[in-house]
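Student: structure for the following, please:
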Amino acid sequence: MSGRTDAERLEWLDGVGDFSVTSHANEYCFLHLDRCGVKEMFSGDNIAEAIDAAMDAEEQE
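Tutor: Prediction:
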């Protein structure tokens, strides 16, 4: 677990641009981002993990 709070995740999502969330058979959750035409997808066992994966990727850039 990342140690991030839900409030931190929501604040990050608020500034990310367009996004959507899909879930498949309650097994995986996918976060779809569209940042100025650049589409990305991140996954996790739940929405918090998918958001953490996106946040981690952004921190590594």
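Student: and Phe42, that's in a strand?
Tutor: Yes - inclusion of Phe42 in a strand is indicated when DSSP: H, G, I helix; E, B strand; the rest coil is applied.
Student: is it true that it touches Leu33?
Tutor: Yes - because the distance of 7.5 Å satisfies CB atoms under 8 Å, Phe42 is recorded as touching Leu33. C-beta: built from backbone N, CA, C; applies to glycine.
Student: what do those two both touch?
Tutor: Ala54 (CB atoms under 8 Å, 6 or more residues apart in numbering).
Student: test my guess that Cys29 contacts Ser23.
Tutor: Yes - contact criterion CB under 8 Å: Cys29 and Ser23 qualify, at 4.9 Å.
Student: more crowded one of those two?
Tutor: Regarding Cys29 and Ser23, a neighbour count based on other CB atoms under 10 Å identifies Cys29 as having more, with 19 against 12.
Student: check which helix or strand that one maps to.
Tutor: Here Cys29, judged by DSSP states H and E, is contained in strand 28-35.
Student: run through the neighbouring helices and strands of that strand.
Tutor: strand 18-24, strand 38-44, helix 47-60 (3 or more CB pairs under 8 Å, 6 or more residues apart in numbering; DSSP states H and E).
Student: mind exporting the C-alpha coordinates of the second one to CSV?
Tutor: Coordinates of each C-alpha in strand 38-44 appear next as CSV, following Å, rounded to 0.1, in the frame of the first residue of the first chain:
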residue,chain,number,x,y,z
VAL,A,38,-2.4,11.4,-24.5
LYS,A,39,-4.4,8.4,-23.4
GLU,A,40,-3.1,6.2,-20.6
MET,A,41,-4.5,3.3,-18.6
PHE,A,42,-3.6,2.0,-15.2
SER,A,43,-5.0,-1.0,-13.3
GLY,A,44,-5.2,-2.3,-9.8
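Student: contacts for that strand, please.
Tutor: Taking CB under 8 Å, 6+ apart as the criterion, the residues outside strand 38-44 that touch it are 28-33, 49-54, 57.
Student: thank you kindly, that will do.
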